[in-house]
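J.: sequence plus the predicted model coming up.
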Amino acid sequence: MTELPAVGEGTTLDLLPAAGAAGGGPAGPAPALERLVVLGRLGAGGMGTVWRARQLGLGREVALKVLSGHRLDSLEARERFHLEAVAAANLDHPGIVRVHAFGEHAGLPWFVMELVEGPSLARLLEEGGPPGPLQAARWVAEAARAVDHAHRRGVVHRDLKPANLLLGGDGRLRVTDFGVARVEGPLAGAVPREPTEEGISLGTPAYMAPEQRLGDRRRVGPTTDVYALGLVLRECAGEPPGAGLEAVVRRATAFQPEARYPTALALAEDLEAWLATQPRERPLRAAAWPRWRRLAAALASVAAFGAAAGVGAWRGSPGAPEVAGAPAGRGGAARTALAREALGRPLETRAALEEALAADPADREALEAFVLWAAIHQEPARAGTAWRRLERLHDAASFAGLGERVGHLPGVSRE
């Protein structure tokens, strides 16, 4: 078995990209030596491990993917890894994670790609549940446009799923992991041969189109990716997604490839047309979205506790926050601030809560909201100050449930 070179946190690697792997392709300048310092592990899958690294020459952080040690002796795994690097490197779209360079280090295949500072949709779904039809339609429309670019370049992804869709810090969705892609047309000569035999299916079963499950390579094509995007749309929208969006899902996931949207672009355009008929709403950022779900759940618990204790429940549903400019009155400023939090505006949230507390330092609901906000944004000093004020000004029984509900959130400290 091939010995795996040591790669781990703190490792410095001098990597020589393969010819044509950087600098504009085969006709570009000779590749330069890449010196990277590995900063930490980002994750691992069946094909490889991804590390956060700093590219010393350019002073930027990147993602470094290396082939898993147990796959080093597999020719098919090496070819798949090479295919993933070359396919992604030849795609140029803001919705696709860019590959900067690739090669081998002491026999270990690697490639350097854009570092996306954000979670996958799989993680967001796990933490916060389905975001609803509007956000689902936006995400899938973005992904569909990126996938359409890949299709026009002859690349069929074949493994589209929430885990392979990343939400960047800029709020844009990016498609990644072309490890089981199928490449045709002009790019086909730049990648290894298709290492899969007829009758063998590749991809993730839960998101496979019927022809993909059957291993019918002749029918696998762009509409196979459309099918997977339809499943992602349904999963992110929740059940039921609504009549208009359900029609899009049904067409995208039709059993026969010919009955689906003919292109990913057609799917994107239908979703965008549907969105144009819906009330305008600012999309949530990747960070604010699951935090708001946890915040809403905590506030609901606090309200229920307060009602049971007979001290007056929170007015208004945290699951459907009021927009900025909500009517004043007891708790009105706090609800307005939390609506801003739901829209991904944390600084305005803090300012609104501070303004409410300046007007009434004993406002229990604003203090509770501030504890939650500071905990979510990992500001223990502010959380502790608000908590101590609660204890000093109010009967502890009126907010005892708060500690039980938010103790798992970072930053809550009463010390």
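T.: Nice, I can see it.

J.: every contact and neighbour count from this point should use C-alpha atoms.
T.: Will do.

J.: which residue ranges of this structure form helices?
T.: 75-89, 121-128, 133-152, 210-213, 222-237, 243-252, 264-276, 288-309, 332-342, 346-359, 364-376, 380-393, 400-406 (DSSP state H).

J.: what about the last one, average pLDDT?
T.: Along helix 400-406, the predicted local confidence has a mean pLDDT of 57.

J.: can we start the residue count at 24 from this point?
T.: Fine by me, first position is 24 from now on; the one you just mentioned is helix 423-429.

J.: return the helix or strand in this structure with minimum mean pLDDT.
T.: None of the helices or strands of the chain scores lower by mean pLDDT, DSSP states H and E than helix 311-332, at a mean of 42.

J.: contacts only, for L390.
T.: L380, A409, W410, R412, L413 (C-alpha atoms under 8 Å, 6 or more residues apart in numbering).

J.: so how do I select the buried members of the residues you listed in PyMOL?
T.: To isolate the buried ones among those in PyMOL, judged by 16 or more other C-alpha atoms under 10 Å, type:
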select buried, resi 380+409+410+413
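
J.: make TSV out of the helices of the chain and add distance to A124.
T.: Formatted as TSV, the helices of the chain follow (distance: least, C-alpha to C-alpha, whole Å):
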stretch	distance to A124
helix 98-112	8
helix 144-151	26
helix 156-175	19
helix 233-236	31
helix 245-260	26
helix 266-275	35
helix 287-299	28
helix 311-332	33
helix 355-365	39
helix 369-382	37
helix 387-399	37
helix 403-416	41
helix 423-429	44
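
J.: looking at those helices, which is closest to E57?
T.: Closest to E57 of the helices of the chain is helix 98-112 (C-alpha to C-alpha; 16.2 Å).

J.: and the angle from the closest one to helix 156-175?
T.: Helix 98-112 runs at 100 degrees relative to helix 156-175, counting by axes from the mean of the first three to the mean of the last three C-alpha atoms, to 10 degrees.

J.: for helix 98-112, output the C-alpha coordinates as PDB.
T.: Only the C-alpha atoms of helix 98-112 are listed here, as PDB (Å, rounded to 0.1, in the frame of the first residue of the first chain):
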ATOM      1  CA  LEU A  98      -6.400   3.900 -10.100                       C
ATOM      2  CA  GLU A  99     -10.100   4.700 -10.400                       C
ATOM      3  CA  ALA A 100     -10.000   7.000  -7.400                       C
ATOM      4  CA  ARG A 101      -6.900   8.800  -8.800                       C
ATOM      5  CA  GLU A 102      -8.700   9.300 -12.100                       C
ATOM      6  CA  ARG A 103     -11.800  10.600 -10.400                       C
ATOM      7  CA  PHE A 104      -9.700  13.000  -8.300                       C
ATOM      8  CA  HIS A 105      -8.000  14.200 -11.400                       C
ATOM      9  CA  LEU A 106     -11.300  14.600 -13.200                       C
ATOM     10  CA  GLU A 107     -12.700  16.600 -10.400                       C
ATOM     11  CA  ALA A 108      -9.800  19.000 -10.500                       C
ATOM     12  CA  VAL A 109      -9.700  19.500 -14.200                       C
ATOM     13  CA  ALA A 110     -13.500  19.800 -14.600                       C
ATOM     14  CA  ALA A 111     -13.800  22.500 -12.000                       C
ATOM     15  CA  ALA A 112     -10.700  24.300 -13.100                       C
END
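
J.: which secondary structure elements does that helix contact?
T.: strand 122-128, strand 131-136 (3 or more C-alpha pairs under 8 Å, 6 or more residues apart in numbering; DSSP states H and E).

J.: go through the ones you listed and pick out the most buried.
T.: Of all those, strand 131-136 has the most neighbours on average by mean count of other C-alpha atoms under 10 Å, namely a mean of 23.

J.: which other residues reach that one?
T.: Contacts for strand 131-136 (C-alpha under 8 Å, 6+ apart): 27-28, 85-90, 95, 101, 104-105, 108, 120-127.

J.: tell me who's in contact with L225.
T.: Here L225 is in contact with R181, D182, V203, Q235, R236, G238 (C-alpha under 8 Å, 6+ apart).

J.: recalculate using a threshold of 10 Å.
T.: Taking C-alpha atoms under 10 Å, 6 or more residues apart in numbering, we find L225 in contact with R181, D182, G202, V203, A204, T219, M231, Q235, R236, L237, G238.

J.: out of those, which is most surrounded?
T.: Most neighbours among the contacts of L225, by other C-alpha atoms under 10 Å: R181, with 29 neighbours.

J.: that one reaches V198, doesn't it?
T.: No. Using C-alpha atoms under 10 Å, R181 is not in contact with V198, being 11.9 Å away.

J.: which residues touch the closest residue to R168 other than its chain neighbours?
T.: If the residues on either side of it in the chain are set aside, R168 comes closest to L288, at 5.6 Å by C-alpha to C-alpha, 6 or more residues apart in numbering. Each residue near L288 by C-alpha under 10 Å, 6+ apart is listed here: A164, E165, A166, A167, R168, A169, V170, D171, H172, H174, V249, L294.

J.: thought A275 was touching the fourth one, still the case?
T.: No. A167 is not in contact with A275 according to C-alpha under 10 Å; the separation is 11.3 Å.

J.: just for the stretch 324-438 of the chain, where's the confidence low?
T.: 324-371, 396, 398-405, 418-438 (pLDDT under 70).

J.: got any ranges where the stretch 174-323 of the chain has weak pLDDT?
T.: In the predicted model of the stretch 174-323 of the chain, residues 212-224, 303-323 satisfy pLDDT under 70.

J.: the same query, at a cut-off of 50, please.
T.: Within the stretch 174-323 of the chain, the ranges that satisfy pLDDT under 50 run 220-223, 310-323.

J.: may I see the contacts of L225 arranged in TSV, with distance to M136 as well?
T.: Listed next are the contacts of L225 as TSV, based on distance: C-alpha to C-alpha, whole Å:
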residue	distance to M136
R181	20
D182	19
G202	14
V203	17
A204	17
T219	26
M231	26
Q235	28
R236	30
L237	33
G238	30
